[in-house]
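Engineer: here is my input, please return the structure:
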Amino acid sequence: VAVCVAAMLHGTVPAPRSTATCSTRADTDFDGNDLKPVHAQPSRSPDECCQTCATTANCSVWTFIPHGAAPEIDQQTTLPSAGGGGVCFLKYSAAGARPFKGYTSGCVGPCPPPPVKDDFDCRMRSLAVEYARYIQPFRPAAAFSDIADALNGAASSSATC
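Structural biologist: Numbers count the residues shown, from 1 in each chain. This is a model prediction of the structure:
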């Protein structure tokens, strides 16, 4: 207390520091759910991205994309490189979790557990793939699996049957 009073008397108030604890997921993108307007900004590291999220209203999760990991992001943004770091996207939900090489995502505090597909999800996916093959027999088989996963949701497609 004495330090704060002395600092206030001398006009030197220390800047507030965020000490948020984030849990991170390597090679993961939290797709979608960006704060609006989209909060994309330069960041030196996933830890800095976490601290930025912790001090931003309505932000609970984030995705850090290092420069070079996604050339389309580098080309579309006019954000300057933050000492070779990357771009930080601030988000309100981890619902779009999906595997994505090179990206790091995290949550302020603990992240929700990854989705788990149950037997019903797997049977429905199999039925959807078989039906799609029946009505479009000349389409490549892999395309049907991709469509079924998209219909089942990006978050649940990261879990396996």
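Engineer: remind me, longest strand of the chain?
Structural biologist: Looking across the chain with DSSP state E, the single longest strand is strand 97-108.
Engineer: sheet-wise, list the partners of it with their directions.
Structural biologist: Paired strands of strand 97-108, with direction, are strand 22-30 (antiparallel), strand 61-66 (antiparallel) (DSSP bridges).
Engineer: residues of stretch 48-56 that come out buried?
Structural biologist: Buried residues in stretch 48-56, counting neighbours by 16 or more other Cβ atoms under 10 Å, are found at Glu48, Cys49, Cys50, Gln51, Thr52, Cys53, Ala54. Every residue, glycine included, has its C-beta placed from N, CA and C.
Engineer: would you mind finding the most buried of the strands paired with strand 97-108?
Structural biologist: Among those, ranked by average contacts under mean count of other Cβ atoms under 10 Å, first place goes to strand 61-66 (a mean of 26).
Engineer: then that strand to CSV, C-alphas only?
Structural biologist: Below are the C-alpha coordinates for strand 61-66, written out as CSV (Å, rounded to 0.1, in the frame of the first residue of the first chain):
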residue,chain,number,x,y,z
VAL,A,61,-10.9,-18.1,-26.3
TRP,A,62,-8.4,-17.2,-29.0
THR,A,63,-6.4,-18.6,-31.9
PHE,A,64,-2.8,-17.6,-32.7
ILE,A,65,-1.6,-18.0,-36.3
PRO,A,66,2.1,-17.6,-36.6
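Engineer: what residues does that strand touch?
Structural biologist: For strand 61-66, contacts defined as Cβ atoms under 8 Å, 6 or more residues apart in numbering pick out 22, 28-30, 33, 43, 45-46, 49-50, 52-53, 73, 85-94, 102-108, 111.
Engineer: below-threshold pLDDT in the chain: ranges please.
Structural biologist: Residues of the chain meeting the criterion pLDDT under 70: 1-19, 70-84, 114-117, 141-161.
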